[in-house]
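A.B. asks: Here is a sequence together with a model predicted from it:
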Amino acid sequence: MRILHVITGLGAGGAEQQLRLLLRHLPLCCDVVTLTNPGAVADGIEADGTAVTHLGMRGNRDLSALPRLADLIRAGRYDIVHTHLYRACVYGRIAARMAGTRTVVATEHSIGERMIEGRPLTPGNRALYLATERLGSATVAVSTTVAARLRRWGVPGSRLRVIPNGIDAARFRFDPVVRASVRTRLGLPAHALVVGGVGRLVPGKRFDVAVRAVAQLPGAHLVLAGDGPERERLRELAAGLGAADRVRLLGECGGAAGDGPGGAPDIPGLLSAMDVFVSPSAEESFGLAVLEALAAGLPVLHVTCPAVDELPPGHAPGARRVAPGVRSLVTALREPSSVPAGRRRAPVCEAVRRYDVGRSADRLMSLYEELHERAAARTARTTARAVRPARPVPLPSPSSPASAPTTKR
């Protein structure tokens, strides 16, 4: 079985890192096409041994990308096309149909109630999505929260499958030697309270709340890993609050599957250097960064995280839900229970074990096999109809009334 993964871009984002991690665990021959931005994750995927093709798409309305993508699909003779992120899902489904590949899986990583991939969700976005969703075979939601949103949009429940994101928990194991090294590299005092966050610097992530909260905590430092259009505004905010020397905006850093670009610490190393993890976003599709922090044994303060909120009570004892806003976060950070004495790390919790990437890969593989078998059966039925001989027309027997001669009167 040959699979082509089509993704909007391969910069250092959660969906991009998730694709790389899944490719390491899928027992299949896979290739990858990125419509735009073949960034650090593309380099990592190729280093892992999977070919990556950059389609060179110039923008959302670059329709010339469709025939180029269709040609790639046709030439590769792929059994399944698997799309990731909004633009790739729209273009990928159409291109697969143009190429004659009718088995298409789409994973929805970043659909919110009001936002999609960090941008406001418009009626036009939704209408275009629904129009192309019908061209696919199945739509994978990374959480029941996302599946419920898609049902409200009008996607039939029979086409939806919930396959959560997965993590490689061992990679995030706390390392005291790495902790000391990263703090030294970043100029963080050895015994200072370090608050951390990971994600794209876009308005929906609400990292301004974290900056304002840490500015009210004398001696505390904030480390944010990620890049985006809000980076300069956050820098100016920290300076205006007199906390510029205590807020570090690190830009893109390596995720779960690779090291940081340009020698920057990777995410596991940064998590070792932190004391408490915050996720102030009021809207999430899954919350992978929260799980990674829990895998590192960190206490977590989050506004919403479907990956944790959908689990039975007690599966993530280190995660605590807080109300949106600066005051709630400041109050939580000041409570002794938020940061264990001696900066002790918690053991791996049930939530982390539940989302092991191996389990996610197995569930995805089962979906591939089901859809492949269904396509093979459909092809067999079509072939049988095409080669079935025509039914012969019986000739009338001599004794039948039809063969008796007529008599003229």
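C.D. replies: That came through fine. Residues are numbered from 1 along each chain as shown.
A.B. asks: just checking, what packs against the helix of greatest length in the chain?
C.D. replies: Ranked by residue count under DSSP state H, the longest helix found in the chain is helix 357-387. Helix 357-387 sits against helix 14-25, strand 80-84, strand 104-108, strand 138-141, with contacts defined as 3 or more Cβ pairs under 8 Å, 6 or more residues apart in numbering; DSSP states H and E. Backbone N, C-alpha and C define where each C-beta goes, glycine included.
A.B. asks: Looking at the last one now, give me its mean pLDDT.
C.D. replies: Translated: strand 138-141. What strand 138-141 shows for mean pLDDT is 96.
A.B. asks: Beyond that strand, next helix or strand please.
C.D. replies: helix 144-153 (DSSP states H and E).
A.B. asks: what does the third one give?
C.D. replies: Where DSSP H and E defines the elements, the next helix or strand beyond strand 104-108 is strand 115-116.
A.B. asks: residues contacting the nearest residue to Arg206 once chain neighbours are set aside?
C.D. replies: Once flanking residues are discounted, Arg206 sits nearest to Pro280: 4.3 Å by Cβ to Cβ, 6 or more residues apart in numbering. Taking Cβ atoms under 8 Å, 6 or more residues apart in numbering as the criterion, Pro280 is in contact with 197, 205-207, 209-210, 302-303, 324, 329.
A.B. asks: Pull up the gap between Pro280 and Ala295, please.
C.D. replies: Pro280 sits 20 Å away from Ala295, going by Cβ to Cβ, to the nearest Å.
A.B. asks: Ok, Glu283 next?
C.D. replies: For Glu283, the distance to Ala295 equals 23 Å [Cβ to Cβ].
A.B. asks: and those two? which has more neighbours close in?
C.D. replies: Ala295 (25 against 16; other Cβ atoms under 10 Å).
A.B. asks: Low-confidence stretches in the stretch 51-200 of the chain?
C.D. replies: Applying pLDDT under 70 to the stretch 51-200 of the chain flags no residue at all.
A.B. asks: Which parts of it are helices?
C.D. replies: Assigned helices in the stretch 51-200 of the chain, in chain order: 65-76, 86-99, 123-133, 144-153, 176-186 (criterion: DSSP state H, counting those that start in this stretch).
A.B. asks: for the last one, the distance to its chain's centre please.
C.D. replies: The one in question is helix 176-186. Here the centre of helix 176-186 is set off from its chain's centre by 29 Å, with Cα atoms, centre = their mean, to the nearest Å.
A.B. asks: same check, this time on the longest one
C.D. replies: Per Cα atoms, centre = their mean, the displacement of helix 86-99 from the mean C-alpha position of its chain is 18 Å.
A.B. asks: What is it packed up against?
C.D. replies: Helix 86-99 packs on strand 2-7, helix 65-76, strand 80-84, strand 104-108, helix 123-133, going by 3+ Cβ pairs under 8 Å, 6+ apart.
A.B. asks: Buried residues, it. List them.
C.D. replies: In terms of neighbour count (16 or more other Cβ atoms under 10 Å), helix 86-99 has its buried residues at 86-97, 99.
A.B. asks: Dump it to CSV, keeping only the CA atoms.
C.D. replies: Below are the C-alpha coordinates for helix 86-99, written out as CSV (Å, rounded to 0.1, in the frame of the first residue of the first chain):
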residue,chain,number,x,y,z
TYR,A,86,-7.2,23.2,5.8
ARG,A,87,-5.6,24.3,2.5
ALA,A,88,-4.1,20.8,1.8
CYS,A,89,-7.4,19.2,2.5
VAL,A,90,-9.2,21.4,0.0
TYR,A,91,-6.7,21.2,-2.8
GLY,A,92,-5.7,17.6,-2.0
ARG,A,93,-9.2,16.2,-2.3
ILE,A,94,-9.8,17.9,-5.6
ALA,A,95,-6.3,16.9,-7.0
ALA,A,96,-6.8,13.2,-5.9
ARG,A,97,-10.1,13.1,-7.7
MET,A,98,-8.5,14.6,-10.9
ALA,A,99,-5.8,11.9,-10.7
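A.B. asks: which stretches of the stretch 201-350 of the chain have low pLDDT?
C.D. replies: Using pLDDT under 70, the stretch 201-350 of the chain drops low at 254-264, 341-342.
A.B. asks: For it, just list every one of the helices.
C.D. replies: 207-215, 231-240, 267-273, 288-295, 306-309, 326-334, 350-354.
A.B. asks: Those helices: which one's closest to Ile116?
C.D. replies: Among the helices of the stretch 201-350 of the chain, helix 306-309 comes nearest to Ile116, with 15.5 Å by Cβ to Cβ.
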